[in-house]
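In: Provided below for reference: sequence and predicted model.
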Amino acid sequence: MSESVRGVVVGHGQMPQGLVDAVRRIAGGAADALVAISNEGKGPEQLATELNETAGSDAVIVFADLQSGSCALAAAYTCRDAERRAVICGVNLPMLLDFVFHREEPLPELVDRLVEKGREAIAPAHRHQG
């Protein structure tokens, strides 16, 4: 069995904490694998430093809110040379829920799985028949 991967949710304002809180309310203690970091009041260097310190030497996936936003850029910078780190942009709640229950999978396979789960979760609630 692989080592469990940790997750860091980074984004604008209170969004990261809101997502982590929602996972905690749904999944209970499994959400302890997630940490929230907001970019509020932080410059790019400070955000990158906080991400790097939070990730440490563990296997980590950084979940960023926007693909080309400051949070994703800081995440990409802190993960650029690390074999045990990955960045997924466009985080959503179903993706994070799947993460907390499958984080023992090897990092590359887990990243592929989560991207697919995140895409599958984006769908219209219902379609009007015309």
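Out: Arrived safely, thanks for sending.
In: Every contact and neighbour count from this point should use C-alpha atoms.
Out: Fine.
In: And residue 72, how far from residue 65?
Out: Distance, residue 72 to residue 65, using C-alpha to C-alpha, to the nearest Å: 7 Å.
In: Start from the N-terminal end of this structure and give the helices.
Out: Under the criterion DSSP state H, the chain contains helices at 15-27, 44-55, 70-79, 93-102, 107-120.
In: Which other helices and strands does the first one contact?
Out: Same thing as helix 15-27. Packed against helix 15-27 by the contact rule (3 or more C-alpha pairs under 8 Å, 6 or more residues apart in numbering; DSSP states H and E) you find strand 6-11, strand 34-38, helix 93-102.
In: Now the common contact residues for residue 72 and residue 65.
Out: Jointly contacting residue 72 and residue 65 under the rule C-alpha atoms under 8 Å, 6 or more residues apart in numbering are 10, 89.
In: Out of the helices of the chain, flag the one nearest residue 5.
Out: For the helices of the chain, the distance to residue 5 is smallest for helix 107-120, at 7.1 Å, taking C-alpha to C-alpha.
In: hmm, back to that, quick one: closest of the helices and strands packed on helix 15-27 to residue 21.
Out: Distance to residue 21, taken as C-alpha to C-alpha, is lowest for strand 34-38 among the helices and strands packed on helix 15-27, at 9.1 Å.
In: Mind telling me which residue is nearest the centre of this structure?
Out: For the chain, the residue nearest the mean C-alpha position is residue 63 (2.2 Å; C-alpha atoms, centre = their mean).
In: Quick check: it touching residue 89?
Out: Yes: proximity of residue 63 to residue 89 meets the contact threshold set by C-alpha atoms under 8 Å, at 5.9 Å.
In: residue contacts, residue 30?
Out: Residues counted as contacts of residue 30 (C-alpha under 8 Å, 6+ apart) are 24, 100, 101.
In: In contact with residue 85, which residues?
Out: For residue 85, the contact set (C-alpha under 8 Å, 6+ apart) comprises 59, 60, 61, 62, 79.
In: swap the cut-off to 7 Å and go again
Out: 59, 60, 61, 79 (C-alpha atoms under 7 Å, 6 or more residues apart in numbering).
In: Excluding chain neighbours, what is closest to it?
Out: Distance criterion C-alpha to C-alpha, 6 or more residues apart in numbering; nearest residue to residue 85, sequence neighbours excluded, is residue 60 at 4.8 Å.
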